[in-house]
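Undergrad: no sequence for this one, just the structure:
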C-alpha cells in the first residue's frame with residue numbers, strides 16, 4: 001500500500017512507514033519537527049519528508065507519479081482535522097486511514113503476538129521480537145521504542161509472526177486479532193479501570209490461541225478470572241504457570257531460573273525479570289526451547305530509554321527512562337533505590353490530558369519519596385492542538401510538598417541541571433524520566449558534574 005503519513009516523525013508512525021517502505025511501497029510523510037530522530041532515520045533509508053504546511057500530499061503525488069486514488073493518507077489520533085495536510089487530503093480526494101487500522105491490517109494477516117498493559121509493554125515487545133529473531137524465526141515487529149542491538153523500532157521479517165505493542169489508550173487494542181495476547185499489568189493511565197477491563201476483555205476475546213497475564217498484578221489476574229478461555233500466568237508465585245525462581249538482582253543484571261533453566265538479563269529491577277519472564281513464555285509458545293531463549297536473553301542489549309545508563313561522572317550515575325505514567329515511574333524509582341545512596345529524580349509530565357487524568361496518582365507516587373530523594377518537575381509537554389491547559393507542574397509540586405518537602409518546580413531546565421550538578425555526590429543517582437525530550441538534560445548534567453568524590457552525602 002502506498003502511503004503519506006501525517007506526523008511521520010512519531011514513534012508508531014515512523015515504524016509503519018519503514019515497514020511499508022521496505023516492502024517496496026511508495027512512502028512519504030510530513031512532520032512539524034523535521035529534525036527529530038525518527039525523521040532522520042527515515043530519510044536515511046530514502047523516505048521523503050515534507051514540512052507539515054499542506055503542500056506535502058500534492059508534492060508526493062507529483063514526485064512519485066501517483067494519482068489521488070493510488071495511495072492513502074495515514075494519520076493518528078494525535079493529528080487534528082485542521083492540520084493543513086489533512087485539509088489538503090480532503091481537497092484532493094485522498095482516502096484517509098488511521099494508523100491503528102493500518103497496523104491492524106498488517107498484524108491480522110500474520111500469526112500475531114500483541115503485548116498490552118499499562119507498563120512494561122515496550123520492553124516486553126522488544127524482548128519477544130529479539131528472541132524470535134535471534135532464534136531464526138524472522139518475525140516482523142512494531143514497537144514503541146528502539147531495540148538497541150537492532151537500532152530500530154520496526155522491521156519486516158519473512159517469518160509467520162508479527163510482534164506488536166498494542167495500545168489501549170485510544171481503544172485501538174480491540175482492532176487486533178492476536179494468535180497470542182499478553183497483558184503485563186492494568187492501572188489508570190488514560191482510562192478508568194472499568195474501561196480498561198472492558199478493552200482488555202475484548203482483546204482476550206479476539207485472541208485465537210494463547211493468553212498470558214502477570215500473576216503479580218491484581219487487576220490483570222481479575223482479567224484472567226473473568227475470561228472464559230484458558231489464560232496462562234507468569235510471575236513469582238508458586239502457582240504461576242511460568243515462574244521465576246532463585247531471583248537475584250544487582251546494579252546492572254538479574255538472574256533467575258525457569259523450569260530448571262538458568263537465565264541472565266542485562267537489565268536490573270524486578271519489573272524487568274517479569275518482562276523477561278513474559279517473553280520467555282511467549283517465545284516458548286512460538287516453538288523455541290528454553291536453552292535457546294536463555295542464549296538470546298543473555299545477548300539482549302536492552303531498549304533505548306528504558307532505564308538506560310547514559311553515563312557516570314564524579315561517581316554519579318545518570319539514568320534515562322521513558323517512564324511516563326505512575327506505574328512506570330514507581331517501577332523506575334524502585335529499581336534506582338537498589339543501587340544508589342541518594343536519588344535526584346526529574347520528571348517531564350506527558351501532555352495536559354494524561355497529566356490531569358493521573359494527577360492524584362502522580363502526587364501519591366511522589367509524596368512517598370524518602371528523605372534521601374529529591375524531586376524536580378519539568379513543564380508539562382505540550383504537543384499542540386486544542387487541549388485544555390487546566391493543570392501545571394507547579395500545581396502538582398505544591399500538592400506533593402504538603403507531604404514531601406524535597407520537591408521543586410523551577411520553571412527552568414538550566415536551573416534543574418545546575419542544582420543537580422552542584423549537589424549530587426559520589427554514589428548518588430540521577431533518574432531522568434519522561435516520554436518526550438527531557439532526556440536532553442542527561443548529557444548536560446554529566447558535563448557539569450564537578451569532581452565531587454570527596455563530597456559527603
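TA: Okay, I see it. These numbers were taken from a predicted model, which means no experiment stands behind them.

Undergrad: what about residue 13, is that helix, strand or coil?
TA: Assigned with DSSP: H, G, I helix; E, B strand; the rest coil, residue 13 falls in the helix class.

Undergrad: could you measure it against residue 20, distance?
TA: 11 Å (C-beta to C-beta, to the nearest Å). Quick note: C-beta positions are derived from backbone N, CA and C, even for glycine.

Undergrad: out of these two, which sits in the busier spot?
TA: Neighbours per residue, other C-beta atoms under 10 Å: of residue 13 and residue 20, the larger number sits with residue 13, 25 against 22.

Undergrad: can you tell me the helix or strand for the closest residue to the more buried one other than its chain neighbours?
TA: If the residues on either side of it in the chain are set aside, residue 13 comes closest to residue 5, at 5.0 Å by C-beta to C-beta, 6 or more residues apart in numbering. Taking DSSP states H and E as the criterion, residue 5 maps to strand 3-6.

Undergrad: From the chain's centre, how far out is that strand? Work that out for me.
TA: How far strand 3-6 lies from its chain's middle: 22 Å, per C-alpha atoms, centre = their mean, to the nearest Å.

Undergrad: name the helices or strands packed onto that strand?
TA: For strand 3-6, the elements it packs on are helix 11-22, strand 27-31, helix 56-64, strand 72-75, helix 84-92, judged by 3 or more C-beta pairs under 8 Å, 6 or more residues apart in numbering; DSSP states H and E.

Undergrad: closest to residue 359 out of the ones you listed?
TA: Of all the helices and strands packed on strand 3-6, it is helix 11-22 that lies closest to residue 359, at 24.8 Å by C-beta to C-beta.

Undergrad: That closest one versus strand 27-31: what angle between them?
TA: Relative orientation of helix 11-22 and strand 27-31, computed by axes from the mean of the first three to the mean of the last three C-alpha atoms, to 10 degrees: 160 degrees.

Undergrad: mind listing what's buried in helix 11-22?
TA: 11-21 (16 or more other C-beta atoms under 10 Å).

Undergrad: quick one, strands of the stretch 151-300 of the chain?
TA: Ranges of strands in the stretch 151-300 of the chain, per DSSP state E, counting those that start in this stretch, are 152-155, 161-165, 180-183, 210-214, 232-235, 242-243, 245-249, 254-258, 261-265.

Undergrad: again, but for the stretch 351-457 of the chain
TA: Under DSSP E, counting those that start in this stretch, the stretch 351-457 of the chain gives strands at 373-377, 407-408, 429-433.

Undergrad: Pull up the pairing partners for the last one, direction included.
TA: Taking DSSP bridges as the criterion, strand 429-433 forms sheet pairs with strand 316-321 (parallel), strand 343-347 (parallel).

Undergrad: Help me confirm that the residue nearest to residue 13 comes into contact with residue 71.
TA: No. Contact criterion C-beta atoms under 8 Å: residue 5 and residue 71 do not qualify, at 10.6 Å.

Undergrad: neighbour-wise, which of these two wins?
TA: The neighbour count for residue 5 versus residue 71, taken as other C-beta under 10 Å, is higher for residue 5 (31 against 22).

Undergrad: would you list the buried residues of helix 11-22 in TSV and tack on pLDDT and distance to residue 349?
TA: Shown next, in TSV, are these (pLDDT from 0 to 100; distance: C-beta to C-beta, whole Å):
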residue	pLDDT	distance to residue 349
11	80	18
12	85	21
13	90	23
14	92	24
15	91	25
16	94	27
17	95	28
18	94	29
19	94	31
20	95	33
21	95	34
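
Undergrad: which of those residues lies closest to residue 275?
TA: Distance to residue 275 across these (C-beta to C-beta) is lowest for residue 11, with 18.5 Å.

Undergrad: OK, contacts around that closest one?
TA: Going by C-beta atoms under 8 Å, 6 or more residues apart in numbering, residue 11 touches 38, 144-145, 153.
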